[in-house]
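Asker: predicted model follows, preceded by the sequence.
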There are 2 protein chains.
Amino acid sequence: MRIVVLAGGVGGSRFTTGVRAAYPDAEITAIVNTADDITLHGLRICPDLDTMMYALGGGNDVERGWGRSGETWQVLDELRTYGVEPLWFALGDRDIATHLVRTQLMNAGYPLSEVTAALCSRWLAHDPRLRLLPMSDDRVETHVLIPAPDEPSGRRAVHFQEYWVRLHAEPPALAVIQVGIEDSTPAAGVLDALAAADLVLLAPSNPVVSIGPILAVPGLRSALLAGPAPVIGFSGILAGAPVLGMAHRLLPAIGVEVQAGAVGRHYGHRAAGGLLDLWVVDSADAPGAVSATAGAREGDDLQTLATPLLMSSPEATARFVRAAVGALP
Amino acid sequence: MRIVVLAGGVGGSRFTTGVRAAYPDAEITAIVNTADDITLHGLRICPDLDTMMYALGGGNDVERGWGRSGETWQVLDELRTYGVEPLWFALGDRDIATHLVRTQLMNAGYPLSEVTAALCSRWLAHDPRLRLLPMSDDRVETHVLIPAPDEPSGRRAVHFQEYWVRLHAEPPALAVIQVGIEDSTPAAGVLDALAAADLVLLAPSNPVVSIGPILAVPGLRSALLAGPAPVIGFSGILAGAPVLGMAHRLLPAIGVEVQAGAVGRHYGHRAAGGLLDLWVVDSADAPGAVSATAGAREGDDLQTLATPLLMSSPEATARFVRAAVGALP
């Protein structure tokens, strides 16, 4: 079986770990958001790709939830002593080695997809049927428009990482802009993976800044719809709140309620011009009086499965992934 | 008093520390060799400037003799796990922060002299009358020609760092080439410092790959000779062997004997078209029957002072520096 997963970072890696546990023999291609990428201190940093790579390669810090295990912070401490900004992005020493390798290869002209494959030849050597592809080899960066009373326009655009890490998503997001998205194309391998897929899964990652940018790469959404595979989406909103991260701060910027059903309607039912053959929500978000394990139809014909969605372990995740595949119409 | 020191790395920093101890109120400008510089893993590394900066700023590892105190090696360990070459150059985590700051500023277009001043605003803040200048803002790199039986020509050029660090200066040096030196110019501030100097000191650094490249920057040697300051050279060869480093492996490549007197003749007496007003050798190398503290003339009219030259402490170094200044003709 060939499975394509569309994924962000932390949620995406937990989800993909569960997909691997559910289907140990499947060929899994994760198409990963790169609109979170940022260049700091001359280093090209791909937080979602790295989170996926470290987690699927067993090199992530499980307790902290991001970055490398056994990480140290000597370089960052020194940058602080030099007084070099910005310092709000936590760059670990081990992590920096990844960025050095990536930056040097990219400066030498290699596309991000090849660089990612080179890095993964270390991390995913144990699982040759699992691969990571960036959504695009082109530079796309999510910027968030926030109120700025000091500016003549009253607002200011900041890089997503600054919004997320430095500002803790506290200012209201007036708009979310993917800079460069119109001119981007799917990375090498992405369209082929979609064309050959038996199953496409949207991880329960942030719909605005993780899954959103992937689907917004010109040509990607139509390739997904033209492909033979059914598409299953998984809600990252459980009982009206994101299970990870701060999606509730960003959904309003795209006019979507912080509710599992609303996110499902945002992705839309395939029959109504949307993406999904099946939308999977947590039992707590079961539409109406419907049983938590049986399929149900919403008013807009979106086929919805309600089942426990907490990714408390790879096995728990595998369970709901298999349940979803079993519930496909 | 305005003192200019021409210096390499380890020897140069010990010497300059002694000069500062000898003349606590002097304005000291060290013109530092940059022909050892190298780009590794995308980082621009200036070993001599960094050694000077760390040592004069109290941030060097005294026991190891190079690099930062409290250094760790996480990044390098990770690069090794990635299998990324080269790994023979020991890049410490703290050191890498310096290279990141430098590389980013240089990529943004700042000349090395300004980048060095920015880095030194941290390290030399305690001593505003001490400053480091690179010999040139242009890229100059020392390459060493070594035997290579596999090559059609029978020889191969390697970067000085590869010769020194990876090959431990074991292959005979057939020639030493400063790539780019003909097109280089003295860095901003260098000519002004020489024109305003009351005293110029050649540190007991390597005559071939430290002092040699500085003097070979077009215009620098003539500015030194045209300036008002007397020039004193200090021998790094004591009793027929380098007190630091491996100068004995390189002197033969420029046809100079590994003897203090021979190095002095290589720099030459000012009256005979050379550089020096005074050449200072260790007592062990006292020419002929001359007293170890009084001045003496050699056959070629090179005024030579013999005095204990071991830089065992800043005070010991200060002592012989003051003795040399006192012995100026």
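Answerer: Alright, I've got the coordinates.
Asker: distance of residue A:73 relative to residue A:91?
Answerer: 8 Å (Cβ to Cβ, to the nearest Å). Heads up, the C-betas are built off the backbone N, CA and C, glycines and all.
Asker: ok, the nearest residue to residue A:37 once chain neighbours are set aside - contacts?
Answerer: Spatial nearest neighbour of residue A:37, chain neighbours left out: residue A:46 (4.8 Å); criterion: Cβ to Cβ, 6 or more residues apart in numbering or on different chains. Going by Cβ atoms under 8 Å, 6 or more residues apart in numbering or on different chains, residue A:46 touches A:34, A:36-37, A:102, A:112, A:116, A:134.
Asker: what sits in contact with each of residue A:73 and residue A:91?
Answerer: With Cβ under 8 Å, 6+ apart, residue A:73 and residue A:91 have no common neighbours.
Asker: between the two, point out the one with more neighbours.
Answerer: residue A:91 (21 against 17; other Cβ atoms under 10 Å in any protein chain shown).
Asker: list the contacts of the residue nearest to that one when sequence neighbours are not counted.
Answerer: Spatially, and ignoring its direct neighbours in sequence, residue A:91 is nearest to residue A:76 (5.2 Å; Cβ to Cβ, 6+ apart). The contact partners of residue A:76, by Cβ under 8 Å, 6+ apart, come to A:87, A:90-92, B:97.
Asker: any quick PyMOL command for the buried ones out of these?
Answerer: Of those, the buried ones go into a single PyMOL selection, burial set by 16 or more other Cβ atoms under 10 Å in any protein chain shown:
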select buried, (chain A and resi 87+91+92) or (chain B and resi 97)
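Asker: now the element after the helix or strand of chain A with the lowest mean pLDDT, going C-ward?
Answerer: Ranked by mean pLDDT, DSSP states H and E, the weakest helix or strand in chain A is strand A:295-297, scoring a mean of 46. Per DSSP states H and E, strand A:295-297 leads on to strand A:303-306 as the next helix or strand towards the C-terminus.
Asker: adjacent strands (with direction) for that next one?
Answerer: Under the criterion DSSP bridges, strand A:303-306 sits next to strand A:278-281 (parallel), strand A:295-297 (antiparallel) in its sheet.
Asker: quick one: contacts of the top helix by length along chain A?
Answerer: The longest helix of chain A (DSSP state H) is helix A:93-107. Taking contacts as Cβ under 8 Å, 6+ apart, the residues outside helix A:93-107 that touch it are A:42-46, A:50, A:53, A:67-68, A:70-75, A:91, A:112, A:114-115, A:118-119, B:41-43, B:72, B:74-79, B:82, B:84, B:93, B:96.
Asker: quick check: next helix or strand after that helix?
Answerer: helix A:112-123.
Asker: on that earlier part again, show me how to select, in ChimeraX, the buried members of the contacts of helix A:93-107.
Answerer: Listed next is the ChimeraX selection for buried residues among those, using 16+ other Cβ under 10 Å:
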select /A:42,43,44,45,46,50,53,67,68,71,73,74,75,91,112,114,115,118,119 /B:41,42,43,74,75,76,78,79,82,84,93,96
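Asker: get me the contact residues on the stretch 1-150 of chain A for chain B.
Answerer: Within the stretch 1-150 of chain A, the positions near chain B by Cβ under 8 Å from any Cβ of the partner chain are A:41-43, A:72, A:74-79, A:81-84, A:93-94, A:96-98, A:100-101, A:103-104, A:107, A:119, A:122.
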